[in-house]
Structures are given as C-alpha cells and as structure tokens.
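Participant: got a predicted model here, sequence first, then my questions.
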There are 4 protein chains.
Amino acid sequence: MSLEQCSSIVYGYQMSSPIDRRESILAAALRCFVEKGYRGTSIADIRTASGASTGSIYHFFSGKGAIAEALLRLSVSGWADQSGTASDDPETAIKASVTALVIWGLANPGHLRFLDEVRILALTDPELVAVRNLIDQGHMAAAARFGTMQQQGVVRKIPFAIAHALMLGPAYSYLRQAPS
Amino acid sequence: MSLEQCSSIVYGYQMSSPIDRRESILAAALRCFVEKGYRGTSIADIRTASGASTGSIYHFFSGKGAIAEALLRLSVSGWADQSGTASDDPETAIKASVTALVIWGLANPGHLRFLDEVRILALTDPELVAVRNLIDQGHMAAAARFGTMQQQGVVRKIPFAIAHALMLGPAYSYLRQAPS
Amino acid sequence: MSLEQCSSIVYGYQMSSPIDRRESILAAALRCFVEKGYRGTSIADIRTASGASTGSIYHFFSGKGAIAEALLRLSVSGWADQSGTASDDPETAIKASVTALVIWGLANPGHLRFLDEVRILALTDPELVAVRNLIDQGHMAAAARFGTMQQQGVVRKIPFAIAHALMLGPAYSYLRQAPS
Amino acid sequence: MSLEQCSSIVYGYQMSSPIDRRESILAAALRCFVEKGYRGTSIADIRTASGASTGSIYHFFSGKGAIAEALLRLSVSGWADQSGTASDDPETAIKASVTALVIWGLANPGHLRFLDEVRILALTDPELVAVRNLIDQGHMAAAARFGTMQQQGVVRKIPFAIAHALMLGPAYSYLRQAPS
DNA sequence: GATGAATGAGCTTTCATTCAT
DNA sequence: AATGAATGAAAGCTCATTCAT
C-alpha cells in the first residue's frame, strides 16, 4: 500500500486517489468528447464525469482548449510509440507508419474519433489554436521528411499533398468507418 | 415593377432585393460557417452577414440545424449535377463519380469545408439529426449500389468499407488539403 | 390612454410598460450601485431590481460598463442643465458652475455618490474605459476654458490643477459628506 | 548566517529573504491595488507579485480586507509621523496638519491613491468594515478636536462638515490630480 | 512558517428561440 | 414577409478560502 493510500485512510480525507487527478480529468474529458462531441461537452460535463470540481479542472488546465491539446499530445505520442523506430528503407518506413496508424486507430477508437473532430474544429475555433499549431507542425515535419526522401531520389517526384492523399487517405477513410 | 418592390413601397419595409431572401440567408450562413465554423456561428452572425432580421431567418428556417440541412442538400445536388448520368460500365461509373467529387470540391471549397465539418458534428449534435440521416441515406445508397455490382460479379468481393476507403479516401484526403 | 397601454390590455401581454425598459434598467442600476457599490452590484442584482430579464439588459447595454457610461452621461447633462447658460463675466461664470454643482449634488445624492465612486474605479477598471474617456474629456474642456480666461487676462496665472482645487475642492469635499 | 537562512537549509523551504514576508506581501498588495484597483486585484495577483504562496498570505492576513486594513494603518501612521507633535495654537495646528497631508501625499502617491479608492469602497463593501470603522474613527476624532477648539472659542462656530471641506477640500482635490 | 491542490458559489456573457406588431 | 424586443437556460471562467502536508 502506498503512502498516499495510507494517509487517505488515516485522515479520512478525500485524496486525489491512486489515479492522478490530472489523468482522470483527461480520461473523463475524452469520454465526453466522444459521446457528445467537443463543442457539445461542457466543463460541467467533464466535472461530473471525472468527479473533480470545476476549480480543480481549472487548476490543471487553463480551459477546454488546453484539455484538448493535452489529449492530442497523448494521441500523437501513442501513434509514435506504435510506429517504433523508423526504418532506413523508405518503402518500409512509410508502410510501417501507415500500419501503425491503423493499428493504433483500431485500438484507440475514442482517441481517433476525437482527433478527427478536433482536427476540423481547430481550423476555426480560436480556443483551439494550440491544437492547430500542433497539427500544422506534424504536417510540416512529414512534408519535410518526404522532401528529403525525394532529394535522395528514393521516392517519386510528386507533390506531397498527392503523396499524402495516396498513402494515408485510404487508411483515414477506413478508420473513420470502422469504429462505429 | 415587381410585386416585391411594390409591397416594399406600400409597407415601407426594407425589401430583400431581386435576390431571394432565403438564398441570401443560405449564402451568408455558408460564409459564416466556413469562416467561424458551424458551432462558432450564431444566428446573430448570420443575421449580420445576410442583412436579414432574426425573425426573417426563423421565418424561412426552423433553426440553425435546418439551415445546415438546406446547405447540405445544395451540396449533394451540386455533386450529383457534376456527376451526370451514371454509366452502365461499373469502372466508368465509379471513376466518373470520384472525378466529379474532385471537380466539384475544387470548384466549391466552401461547400466542401462545410460538408467536412458538419459530417463529423452530425455524429453527436442533436440539432443535426436531419443532416445525419441525410448522410446515412447517401452512404447506404452507395453501399447498395456497390452490393448490386458485386452480385452482378462486376466488382471484387471486398467489404464496402474497404472499397469505399480505396475509391474515395485519396480524393477526400486530397481535397481536404487543396483549398487552403 | 396611450396606444401602448391600450394594446397591453387587449393582448394581455407583458409590455415594456409606460416607463421605457432602458430607463428602468438605468434607474434600477443606479439604485443598486448606490446601495452595494458598482463592483458589488451584479447583473443579477440589476435584473432583480429592474424586473427586466438578463437578455433584455444585454439587449440595451453591452455590459455593466456601458450602463455606467449611460448613467454618467445622465449625470453630466443634469449638472449642465442646472448650470444654465454660461455668463460672460468669469467670476459669475465660475461661481454659477460651482453653485450648480452643489445644488445638483444635493438634489441628486445617488448620482453624486455613483459619480464619486466610478471616477476612481475608472482609473483602473478596463470595463470602464469609456467612463474614463468621458471624464478626461470633461476635465480637458474645463482646463481649456480656464486657459482661455487666462489668456484674456481675466483670471490669475496659476496652474489649472491648483485653480481647480481651490474652486471645486471645497464643494466636492462638502458634498461627499452631506448626503450620508 | 541568520536563523531564517538556517531554517531554509534545514527544511528545504524557499525562504523569504531578509525582508519580512508580511512586509513584502503588503508592498506587493499595494502595488497591485494601485495598478489594478482593489477589486481588480485577486489574491492570486498578490501571490504572483509578492512571491508568497496562497497559504502564506492567509497565514498573515485573514483575507483581502485585512490586507487593506493593514495598509490603511500604515498610511495613517505615515501621515501622523509627518504631522509631528500638534501645536497649541489652533491655526498653526490646522495648517501643520494640512501641510503634512500634502507633503505625505506627494511623497507617497501609491498610498494616497489606495486611500482614495478604499475610502469609497468601504462605504458599501462588507469585507471592508474594518477599514470603514477606522476611517470613521479618524473622522470623529477630528470632529471632536474641532469641537473642543470651538468651545474654547478659538475657531469660528461653523459646522464641522463645512470647516472640513474648507480646510482639506482643496488639498484633497489637488493631490488627486498631482500624482498622475 | 510555508505550500499548493481542492472546493464550489458566483460571476458575466452568449445564445437560440418566441411573438406581438 | 418582416421586424427586433424579450426571454432565461446554460455556458466558461474567477475567486476567496480551506486544509493536509
């Protein structure tokens, strides 16, 4: 038994519980976002779902946008973990990345749905600027990697937009239908 | 002198100009939706952008959801017009449909963006049930057409979800990046 | 009986009443501001005191700051009305102005108290910028009038800050104690 | 090495530096009050400005009102120190008091501004009752001193309110403009 | 003395919608 | 067909304050 659990018994005090408060807020938020959509989820919903108080939520996150950002970072690192170390061979590397996306997406349908929604909302919602920047950075990094491959002559000279659509388009499209 | 102009004199009302009020509300709404997103657009925004009064908007549409539905119907018929009459040859028909989507999408980036957003919001937003049904019907119709083709033995026996992803995934993915 | 009163009877509809809604909101707000202070008064307080709904208040005023501004304008025009037409003789003009201030202040203790509070809050409260500007304009106008008098040689050459303190300081100080 | 520094090592606490914690909280609070106004300053603002923790602030003061009260006491004793020992001659005594106010006010514009604001807020804000009482006591003491002078026949028989306005009104009015 | 997570009442403001005119 | 005043529920967010450590 951990020290924290111990003291929670001794003092009869409502502890942050073994599960971290911040984590539990994020988990509850994701559940709400999937169920009611990002805009359809109020802070009160997250409060109810997480058991944390309004003040507690704002103690850890500056607002709903910051929660979305934190969730997005989790998703990104989840996909990255799934991808593993990038191969040197371009074909292998790209296939691995797409496969990782599909596997991760099928294993984390909630994150996937959230990602899909927030990606579009971030285009117009001011409270999601941080999310938008994060997405843009990822996109630009991918484009840069592809550019390098092209200069090395290992992939065909086609615009990144088209290459991206050909490589990931079917995967995205499939995942979007699969979880439901 | 038209009837409308006539009544504007008789009643001292500010009339809607030769362009139909309903149309101008729809056009203004689309502009707002693209700029601020569907949820970020209030009826007041549409009022300002269209020049119509609040009451006028509610005279033509029962609410924001109904405006979205009307816009969606415009989009769908726009794509259908672009597709022309379906060919008898399955390969020709499918190619024509995808090509029509790309052409229509490139020509109507606003509609496309709106479609992309509303498609996701409709999954959770109760005020968009009508939109959701419309989308589902379209999806089911496509699946049915594909099923017929399979029974006729003119296309391979793969799940519709995968076929759909292979056929339209790249197009969607490309269009999503193109307008920006 | 006015048309408005008439129709309110015929339709059994809650009319804005003979007293204008906007006016009644202002009057209620002033009452609250005097009783609880500007910052101590919430929109809910004004709602209760005026009988108007929250939405109605925001329909007429963009916020609490705008209500304060409107009240300030009323105060200023009240004092101006009391002052009457400015005399050509500087001594007469100044005395008339000070006298008008005292008379108006004794007759409108609520407005006076509000003025006294808002004058200070406006120095720091961002929602009172409009109030601050209004006050600054009045101050600069008075300084300009005084400057003209000095150039005409009809008043002594002393800094306006000191002249102002000598002329109005006692009046302000007295009024501040009088109403309570 | 001081005791304080000692304990900071023993306990691993971030200590308050040679300057007393209580003092630094008061100084930071005054800075905030001047910059953002009393009501516009939150405990969090004071926390940030002083470097003390929330708990520390509440260790020394029971709340924002208590901080205001402590600052007011500092102001009053500052003015009193400036006034020196009261003369026996009434005219000299009064002049000394007014002069001391002006000198102190010009030397301590922050305290002056705070005083000016809190004096008005204390009329309505329940959390400033202590401040209000302090001010009232000072006022009553001055009135009593003036009453004694009148009974001794050394000053004219005019109401204290008027005498006060004539004596201090110009000084207050001048100081209010001077610091800016 | 010092810390900061936790609380929840309360605030301002927005908004879709109604309806007499 | 057109208007805009009126409504009130609900949203995001702030804040003084408490308390186990």
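Facilitator: Looks like it arrived, so ask away. Numbers count the residues shown, from 1 in each chain, chains lettered A, B, ... in the order given.

Participant: need the residues of chain A near chain B, please.
Facilitator: Counting by C-beta under 8 Å from any C-beta of the partner chain, the residues of chain A close to chain B are A:35-37, A:39-40, A:113, A:116-117, A:120-121, A:123-125, A:161-162, A:164-166, A:168-174, A:177-178, A:180. C-beta coordinates here come from the backbone N, C-alpha and C atoms, glycine included.

Participant: so what does the helix or strand hosting A:Arg132 touch, helix or strand wise?
Facilitator: Assigned by DSSP states H and E, A:Arg132 belongs to helix A:129-151. Packing contacts for helix A:129-151, counted by 3 or more C-beta pairs under 8 Å, 6 or more residues apart in numbering or on different chains; DSSP states H and E, involve helix A:64-83, helix A:160-177.

Participant: quick one: mean pLDDT for it?
Facilitator: The pLDDT scores in helix A:129-151 average 92.

Participant: what do you get for stretch A:80-90?
Facilitator: Here the average pLDDT along stretch A:80-90 is 77.

Participant: tell me the secondary structure for A:Ser62?
Facilitator: The three-state label given to A:Ser62 by DSSP: H, G, I helix; E, B strand; the rest coil is coil.

Participant: how close does the closest residue to A:Ile25 other than its chain neighbours sit to chain D?
Facilitator: Excluding its sequence neighbours, the residue lying closest to A:Ile25 (C-beta to C-beta, 6 or more residues apart in numbering or on different chains) is A:Ser50, at 4.8 Å. For A:Ser50, the distance to chain D (C-beta to the nearest C-beta, to the nearest Å) stands at 23 Å.

Participant: where are the low-confidence patches of chain A?
Facilitator: The model of chain A has pLDDT under 70 over residues A:1-19, A:86, A:179-180.

Participant: ok, now with 90
Facilitator: A:1-20, A:77-97, A:145-146, A:149-157, A:177-180 (pLDDT under 90).

Participant: mind listing what A:His122 touches?
Facilitator: Small correction: residue A:122 is Ala, not His. Contacts for A:Ala122 (C-beta atoms under 8 Å, 6 or more residues apart in numbering or on different chains) come out as A:128-129, A:131-132, A:135.

Participant: greatest separation within the residues you listed: which pair is it?
Facilitator: Distances among those were taken as C-beta to C-beta; the most separated pair is A:Val129 and A:Ile135, at 10.7 Å.

Participant: who has more neighbours out of these two?
Facilitator: Here A:Val129 and A:Ile135 are compared on neighbour count by other C-beta atoms under 10 Å in any protein chain shown; more neighbours surround A:Ile135, at 18 against 12.

Participant: just give me the neighbour total for the residue in chain A that DNA strand E sits nearest to.
Facilitator: In chain A, the residue that lies nearest DNA strand E is A:Gly55 (2.0 Å; C-beta to the nearest atom of the strand). A count of nearby residues for A:Gly55, using other C-beta under 10 Å, gives 8.

Participant: that one and B:Ile120, how far apart?
Facilitator: 31 Å (C-beta to C-beta, to the nearest Å).

Participant: and what of A:Trp104?
Facilitator: Relative to B:Ile120, and taking C-beta to C-beta, A:Trp104 is found at 19 Å.

Participant: from the contacts of A:Ala122, pick the one nearest D:Met140.
Facilitator: A:Val129 (57.2 Å).

Participant: hang on, the earlier thing: now the helix holding A:Arg132: buried residues?
Facilitator: Neighbour counts over helix A:129-151 (16 or more other C-beta atoms under 10 Å in any protein chain shown) mark A:130-132, A:134-135, A:142, A:145-146, A:149-150 as buried.

Participant: with adjacent residues omitted, what lies nearest to A:Phe160?
Facilitator: A:Ala143 (4.7 Å).

Participant: what about stretch A:58-68, near DNA strand F?
Facilitator: Yes. Against DNA strand F, stretch A:58-68 shows contacts by C-beta under 7 Å from any atom of the strand at A:58, A:62-64.

Participant: chain B: which of those is nearest?
Facilitator: Nearest to chain B out of those is A:Lys64 (C-beta to the nearest C-beta; 12.3 Å).

Participant: quick one: contacts for that closest one?
Facilitator: A:38, A:41, A:43, A:127.

Participant: and for A:Leu112?
Facilitator: A:75, A:104-105, A:175, A:179.
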